[in-house]
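Novice: structure, please.
(chains A, B, C and D)
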Protein chains: 2
Amino acid sequence: MGVTIYDLAREAGVGIGTVSRCLNGHPHVSPQTRARVLAVAKRLSYQPHAQAQRLASRRTNTISVIIPSFTNYFFVQVLQGVQDQAAEVGVDLILYSVSHPAQIEQYLGRSLHRGHVDGVLFFSMKLPESYAARFEQMHLPLVLVDAFHPSFDSIRVQNKEGSLAATRHLLSLGHRAIAMINASLSTQPAQERLAGYRMALEEAGLVFRMDRVVIGEAGKNDGFNREAGRESMRRLIAGNTGADRVTAVVIASDVQAIGALEATRAAHVRVPEDFALIGFDDIELAQYAELTTMRQPMYDMGQLAMEKLTKRMKEPGAPATLTSFLPDLIVRRTCGAALRAPVEGTALSPQWEAEASVPTA
Amino acid sequence: MGVTIYDLAREAGVGIGTVSRCLNGHPHVSPQTRARVLAVAKRLSYQPHAQAQRLASRRTNTISVIIPSFTNYFFVQVLQGVQDQAAEVGVDLILYSVSHPAQIEQYLGRSLHRGHVDGVLFFSMKLPESYAARFEQMHLPLVLVDAFHPSFDSIRVQNKEGSLAATRHLLSLGHRAIAMINASLSTQPAQERLAGYRMALEEAGLVFRMDRVVIGEAGKNDGFNREAGRESMRRLIAGNTGADRVTAVVIASDVQAIGALEATRAAHVRVPEDFALIGFDDIELAQYAELTTMRQPMYDMGQLAMEKLTKRMKEPGAPATLTSFLPDLIVRRTCGAALRAPVEGTALSPQWEAEASVPTA
DNA sequence: TGAATTATTGGAAGCGCTTCCACAAAGATA
DNA sequence: TATCTTTGTGGAAGCGCTTCCAATAATTCA
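Specialist: Numbers count the residues shown, from 1 in each chain, chains lettered A, B, ... in the order given. Take a look at the predicted model:
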């Protein structure tokens, strides 16, 4: 049915080896021969058979991307960075979006089939330890994004520094009683964001009070969701009486902040006059909601992830690296800074990138 | 390096054919033999070599998805439907997101490589005629979503009926001077949405006036973007004086409507009191912006697309089909209906699906 | 001019699997 | 008991390519 290199060889009066060399641009073929073979290939509209090439060459030029079910802007943006970089180097992406935890192992398992893919990008989830071992054993390149494991390259956002900066910003606006709305502390980002909040308070000489940290019902996405944000804010507003009233809130994610804004509206609480808010992530909605937030450089993270994976495929032995991105403070309406000096959507801190070698476990 | 069926055969004391039959669940193997082979496979942690299987079996269990650079919620949702259905039937997705027109042909070409994929899903773009011919010639299954070609299965949204319903809704609220903000009429959705608007006016005995149709600067995405919407609304507001003032606007997409809302806010025009708005698509932002809109059943479209492709791979000869989805009217704040009867986010019309056979060209 | 390189070329081997055909063993039928 | 089925099994062939190695032709060097 299809045209094979044997057909080309016969038609051009050369051997199959020569045909292969011509098609793949190898040296040591005379220009005339190459021209003739390519002409024949064109005339017969030859298409290489992808699977045969892959079987013979032992490279697939394909990687798999395992990502939480990406109904959210963060992943779309990161994925765009990955995709653009992949197109650049001619690699295909097989997409596995995980909507149920069991699928993590299922998809990792598929990726581990010999010859299925040349590498794997793994996003924002905990890498099961047993699979970590299998990746090492099979020498399959793996890069973690928004996740960490000592044996593999990873790319992270400095969550602690981010919420540190967010809290400092509220402090600099004069707030002294600052609460936090967080998601389940079983997740690392939630822990780290809490730590940054705490550190900012303490370095300002304020007391960290756990009763000012509102943890939403976990539910979907470990509590990083709108409903949890709405409910948390409702509780915060309800209990916010007395002399030591809270005047500002650091929220662990934008989706929660969006929910929180809905709660303020419902309770006729004015933002930012009665309550200053700051989120985390800078999702698309944040701009529309005029939410002050910490922006993650999503596109860049995706692009860098793909670059790291490419590099790793070339140099399997190199030590694992960790790159951290520092989120940018994006000042909009909800923090109240504009009440003093009207600055719209400006990045106050330059984006900063740290690279470090991690001792291989 | 890897464990092959030869290793299993030797270890289990059987032939390679038997091993293959055991692994693939073929009949005509004795239960004892099967158990023994599977035990050995497990012990040696055998992984089939994907490419070898594909080469030998001539099936890849992979399809490619060619989609416009999906920074928008519509595609994310559709893709989620595709992905879930693909996981269901055990098919891998190779994602090609097109950010530059030239990439359309590049990716289509890749998909046409023999043995690369078993089928293709093509989204929201015009299928180049030359490639249509090549798909037919190579008998490569192809399903179009939000696009149409007589030779292939397609899934569409009834744009005309959608904006007809949108316009009727505004008419039913008593508006008589209704404008439209549209994108470039070189695209089919824009044309169809215009036609529905016009039809609704005419069936209500009103005169269709082209000077009430504001077409934004094309720019990104043929004018389906926020800036175009903002600019269009600004022009509309600026020219909206005199006795025949416009009181409502049908907007061709939600992203434009979001831009339009920004323009109303900037001009201190109240929505819906001074200006009733209705969008199209029901993107995520629409809910937050309380935008009345026509919802496209995105997830279902994705799922159906994958189902059609699967069916087509099984029955290559069947005639091409066209399925149209009718968008739902989602009533929120911006149309002003709530000023009369407070109905929040309710679907007024049931979702409806039409199937029709299309004569193969 | 002859020997030694160097530039090309042909094609066998092999990637790891599926599938088919041939054949043996075990029942079933007469 | 002899013959026909059925069931189970082994392994060659082949999927279409890349990559060697050996062989040949062209060129250079002394």
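Novice: separation between the closest residue to DNA strand D within the stretch 151-300 of chain A and residue A:83?
Specialist: Proximity of the stretch 151-300 of chain A to DNA strand D (CB to the nearest atom of the strand) peaks at residue A:153, 25.7 Å away. Quick note: C-beta positions are derived from backbone N, CA and C, even for glycine. Noted for residue A:153: a distance of 19 Å to residue A:83, by CB to CB, to the nearest Å.
Novice: also residue A:234?
Specialist: 39 Å.
Novice: so between these two, which is more surrounded?
Specialist: A direct count of neighbours by other CB atoms under 10 Å in any protein chain shown for residue A:234 and residue A:83 places residue A:83 higher, at 24 against 18.
Novice: just give the nearest non-adjacent residue to that one, would you?
Specialist: Excluding the flanking residues, the one nearest residue A:83 by CB to CB, 6 or more residues apart in numbering or on different chains is residue B:97, at 5.1 Å.
Novice: which helix or which strand is home to that neighbour?
Specialist: strand B:92-98 (DSSP states H and E).
Novice: quick check: angle from the next helix or strand after that strand to strand B:92-98?
Specialist: Of the helices and strands lying after strand B:92-98 in sequence (DSSP H and E), the nearest is helix B:101-112. Angle, helix B:101-112 to strand B:92-98, by axes from the mean of the first three to the mean of the last three CA atoms, to 10 degrees: 160 degrees.
Novice: so which bits of helix B:101-112 are buried?
Specialist: B:103, B:104, B:107, B:108, B:110, B:111, B:112 (16 or more other CB atoms under 10 Å in any protein chain shown).
Novice: the fifth one contacts residue B:116, doesn't it?
Specialist: Which is residue B:110. Yes - between residue B:110 and residue B:116 there is a contact under CB atoms under 8 Å: 6.5 Å.
Novice: if we can go back for a sec, list just the nearest of the buried residues of helix B:101-112 to residue A:6.
Specialist: Nearest to residue A:6, judged by CB to CB, of the buried residues of helix B:101-112 is residue B:112 at 20.4 Å.
Novice: and the closest one, what does it touch?
Specialist: A:47, B:131, B:134, B:135, B:138, B:140 (CB atoms under 8 Å, 6 or more residues apart in numbering or on different chains).
Novice: redo that, cut-off 6 Å
Specialist: Residues in contact with residue B:112 (CB atoms under 6 Å, 6 or more residues apart in numbering or on different chains) are residue B:134.
Novice: distance check, it against residue A:247.
Specialist: From residue B:112 to residue A:247 the distance is 62 Å (CB to CB).
Novice: with residue A:214 instead?
Specialist: From residue A:214 to residue A:247 the distance is 15 Å (CB to CB).
Novice: for the residue in the stretch 251-361 of chain A that DNA strand C sits nearest to, helix, strand, or coil?
Specialist: Among all residues of the stretch 251-361 of chain A, residue A:316 sits closest to DNA strand C, at 17.5 Å; criterion: CB to the nearest atom of the strand. Look at residue A:316: counting by DSSP: H, G, I helix; E, B strand; the rest coil, its state is coil.
Novice: tell me, how many residues neighbour the nearest residue to it once chain neighbours are set aside?
Specialist: Spatial nearest neighbour of residue A:316, chain neighbours left out: residue A:139 (5.9 Å); criterion: CB to CB, 6+ apart. The local packing of residue A:139 (other CB under 10 Å) involves 9 other residues.
Novice: what does the stretch 201-350 of chain A have sitting close to chain B?
Specialist: Within the stretch 201-350 of chain A, the residues that sit near chain B (CB under 6 Å from any CB of the partner chain) are A:285, A:288.
Novice: where does the stretch 201-350 of chain A dip in pLDDT?
Specialist: A:339-350 (pLDDT under 70).
Novice: quick one: the strands in it?
Specialist: Using DSSP state E, counting those that start in this stretch, the strands of the stretch 201-350 of chain A run over residues A:213-215, A:248-251, A:276-281, A:293-295, A:321-326, A:328-331, A:346-347.
Novice: in CSV: those strands, plus mean neighbour count.
Specialist: Shown next, in CSV, are the strands of the stretch 201-350 of chain A (neighbours: other CB atoms under 10 Å in any protein chain shown):
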stretch, mean neighbour count
strand A:213-215, 20
strand A:248-251, 29
strand A:276-281, 28
strand A:293-295, 27
strand A:321-326, 18
strand A:328-331, 22
strand A:346-347, 12
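Novice: which one of those strands lies closest to residue B:262?
Specialist: The nearest among these, by CB to CB, is strand A:328-331 at 17.5 Å.
Novice: what strands flank the closest one, and is each parallel or antiparallel?
Specialist: Strand pairing for strand A:328-331, using DSSP bridges, gives strand A:293-295 (antiparallel), strand A:346-347 (antiparallel).
Novice: quick one: strands adjacent to the helix or strand where residue A:66 lies?
Specialist: If you go by DSSP H and E, residue A:66 is part of strand A:62-68. With DSSP bridges as the test, strand A:62-68 is paired with strand A:92-98 (parallel), strand A:119-123 (parallel).
Novice: tell me which residues of the helix or strand that it is followed by are tucked away?
Specialist: Under the assignment DSSP H and E, the closest C-terminal helix or strand after strand A:62-68 is helix A:73-89. Going by neighbour count (16+ other CB under 10 Å), the buried part of helix A:73-89 is A:73-87.
Novice: which residue comes closest to residue A:276 once chain neighbours are left out?
Specialist: residue A:248 (3.9 Å).
Novice: tell me what the one you found is bridged to.
Specialist: residue A:178, residue A:276.
Novice: in contact with it, which residues?
Specialist: A:170, A:175, A:178, A:276.
Novice: what about the second one, how many neighbours?
Specialist: Applying other CB under 10 Å, we find 20 other residues in the vicinity of residue A:175.
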